[in-house]
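> Sequence and predicted model, in that order:
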Amino acid sequence: MSEKGEITIWRAEGEDELWFASKVYMDSFPPDERRSLNEWVDMSCHETRFSNNIIKCDGQPVGIITIWHLRSFCYIEHFALSENSRGQGIGGRALDELLSSQTEPVLLEVEIPEPPGSIAERRALFYKRHGFRLWPGRYIQPPYSKEQQSLELRIMYHLPEGEAALSQDNYDAYIKEIYRAVYHVDSVARSD
């Protein structure tokens, strides 16, 4: 698979694609950063705002990107490549492909980008290279279930061309909608 191969992203369909997606999902995210596999598969089939997408390079599945299409923005819930597809530039090209098709702001969560040189910092820098900005305040990811822990993370956002900044009011509204739609809670994390 070459770095120059054609990148495509589309909704996972059929048993083989869902099996591939579920393997990448389970291998890439620790338990507190993911849903139960049964809930995730059910959402993939029945939640109309949720899109479980396969990333392909030259027609071969190489990763996943799950997206919530919310009222006035998109929220990337999970983005990962299979282990043997990492480090080849495919993730950046897939992200650029996705962003080129968006006309609304795109938000995602990242680990706190510290300490310098850490994997968390490198991930945040990856998104920054692709036009994302780090929101300066705190963000708490609610737990997916009662057995899981909430996590302190950060929000990064990408604005459509021509939009200069994300206002505090829009940020608060976006987080409130993420909390309700994605995590099924009403409380909103303060960004102070």
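Received the coordinates, thanks. Numbering: from 1, shown residues only.

> Show me the residue sitting in the middle of the protein in space.
Nearest to the geometric centre of the chain sits I76, at 2.9 Å (Cα atoms, centre = their mean).

> Can I take it that that one is in a helix?
No. Note on I76: no helix contains this position according to DSSP: H, G, I helix; E, B strand; the rest coil, which reports strand.

> Using CSV, write down the CA coordinates of the lowest-mean-pLDDT helix or strand in the chain.
Least confident helix or strand of the chain, by mean pLDDT, DSSP states H and E, is helix 37-46 with a mean of 91. Once non-C-alpha atoms are left out, helix 37-46 reads as follows in CSV (Å, rounded to 0.1, in the frame of the first residue of the first chain):
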residue,chain,number,x,y,z
LEU,A,37,-19.0,-3.4,21.2
ASN,A,38,-22.7,-4.3,21.1
GLU,A,39,-23.8,-0.7,21.6
TRP,A,40,-21.3,0.5,18.9
VAL,A,41,-22.5,-2.0,16.3
ASP,A,42,-26.2,-1.2,17.2
MET,A,43,-25.5,2.5,16.7
SER,A,44,-23.7,1.8,13.4
CYS,A,45,-26.9,0.2,12.1
HIS,A,46,-29.6,2.3,13.7
